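1. for reference, the sequence and a predicted model appear below.
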Amino acid sequence: MGDWIETNVFSGAVEEINLRNVVFKELHNNWVMIPNIMVVENPFKNYGLTDRIRIILKCGVGYESNLQEVEEIAKTAIREQFPTDVNENIEFHYLEFGDSSINFQLRFWLDAKAKLTILEARKGNKNYQGCI
């Protein structure tokens, strides 16, 4: 109860499990009832079973940017906002030369038990792609 799950193209906090359905509330307050058979027969993610999740944040900088400074600034910003545990690094990779930017990604870990944490970490970044 209370864990954030994703299943059958829906996601939300589990409110009730009964003999027929799993009932959960989505982020925008909609209630979803999925028959137990659909949950059992299809994959689902339970974000409540892990304490740490990996975020992948994609960004771009202008061609005139000092790329070494970009990496240092980006890593420092992530480190200050989301402290790392032992043996966890903030990874920085340049990905491609875009039409108007040099694109890169940051991969880092953070405490989370709900998908809301992922949304907060990527706030304002429309190119975000996440994974666990």
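-> Everything's here; your move.
2. next, residue 77: phi, psi?
-> Main-chain torsions, residue 77, degrees, to the nearest 10: phi -60, psi -40.
3. next, the contact list for the most far-flung residue of the chain relative to its centre, please.
-> Ranking residues of the chain by C-alpha distance from their mean position (Cα atoms, centre = their mean) puts residue 19 at the top, at 31.3 Å. By Cβ atoms under 8 Å, 6 or more residues apart in numbering, the contact set of residue 19 is residue 36. Every C-beta, even on glycine, is put in place using the N, C-alpha and C of the backbone.
4. just say helix, strand or coil for it.
-> Under DSSP: H, G, I helix; E, B strand; the rest coil, residue 19 falls in the coil class.
5. make residue 1 into 211 and carry on from there
-> Okay, using 211 as the starting number, the last item reads as residue 229.
6. quick one: pLDDT of it?
-> The predicted local confidence for residue 229 comes out at a pLDDT of 95.
7. which one is residue 240 nearest to, not counting chain neighbours?
-> residue 222 (7.8 Å; Cβ to Cβ, 6 or more residues apart in numbering).
8. what about the one you found, how many residues close to it?
-> 23 (other Cβ atoms under 10 Å).
9. buried ones in the helix or strand where it lies?
-> Secondary structure here is read from DSSP states H and E; on that basis residue 222 sits in strand 220-227. If you call a residue buried by 16 or more other Cβ atoms under 10 Å, then strand 220-227 has these buried ones: 221-224.
10. that's all I had, so thanks and see you.
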